[in-house]
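Trainee: Test case, fold it:
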Amino acid sequence: MKEMDLSALFTLSYGLYTIGSFSGDRVNAQIANAVFQVTSSPARIAVAVNRQELTNEFIKDSGFLAIGVLSQEADLPFIGHFGFKSGRNINKFETVEYTTTPSGCPCPKKNMLACIELKIESTVEVDTHTLFVGELTHCSLLGQGIPMTYSYYREVLCGKTPPTAPSFKASVKKGDI
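Mentor: Here you go, the predicted model:
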């Protein structure tokens with residue numbers, strides 16, 4: 001069998017988003033790229049979050065999540081703050097101004113084009129990630145601009161991929177995918 005070229009996976013289109021949730025009086029958010037609309041009426045969206053992430057625990061606890069649509073203007077330090085630091089070690093919102101959705105999910109104000117809240121209806125455990133499917137309960141525009149794509153992040157900003165991301169490309173052998 002021919003060796004697979006896993007770089008083909010980078011040709012799939014993705015956006016870049018913050019995914020925020022809460023547990024009690026604590027809030028947290030992280031960067032994610034696996035977000036997609038599933039239906040339009042009623043509007044349902046699916047989001048994949050690594051099981052190791054604190055945000056995953058908060059979503060399961062609260063039953064809600066907020067998707068912040070990143071602007072192409074977001075810089076690497078902002079993305080790194082939410083994508084490469086753990087909410088288990090720092091309060092990511094201590095120095096970041098944010099708004100909350102009606103349920104209480106956090107969404108950064110800076111570098112965002114929109115904030116979309118979901119009430120989780122179902123979950124599917126898929127190896128390292130949980131796929132959360134939720135019904136749209138609130139949405140608002142926060143800014144104007146061009147949404148950041150994962151391709152832009154990787155190719156223009158030269159951003160890296162954390163090991164917990166679904167698009168992380170580790171050393172893979174035949175038959176692993």
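Trainee: For the nearest residue to residue 71 once chain neighbours are set aside, give me the pLDDT.
Mentor: Nearest non-adjacent residue to residue 71, counting by Cβ to Cβ, 6 or more residues apart in numbering: residue 145, 4.3 Å away. The C-beta positions use only the backbone N, C-alpha and C, and glycine is treated the same way. pLDDT recorded at residue 145 is 96.
Trainee: Point to the residue nearest the middle of this structure.
Mentor: Nearest residue to the geometric centre of the chain (Cα atoms, centre = their mean): residue 32, 2.5 Å.
Trainee: Just confirm it contacts residue 19, I think it does.
Mentor: Yes - at 4.7 Å, residue 32 counts as touching residue 19 under the criterion of Cβ atoms under 8 Å.
Trainee: Name the residues contacting each of those two.
Mentor: 47, 49 (Cβ atoms under 8 Å, 6 or more residues apart in numbering).
Trainee: Give me the residues contacting the lowest-mean-pLDDT helix or strand in the chain.
Mentor: Within the chain, confidence by mean pLDDT, DSSP states H and E is lowest for helix 150-155 among all helices and strands, at a mean of 85. In this structure, residues lying in contact with helix 150-155 by Cβ under 8 Å, 6+ apart are 10, 13, 14, 15, 16, 33, 72, 79, 159, 161, 167.
Trainee: who wins for neighbours among those?
Mentor: residue 16 (27 neighbours; other Cβ atoms under 10 Å).
Trainee: Appreciated, that's everything.
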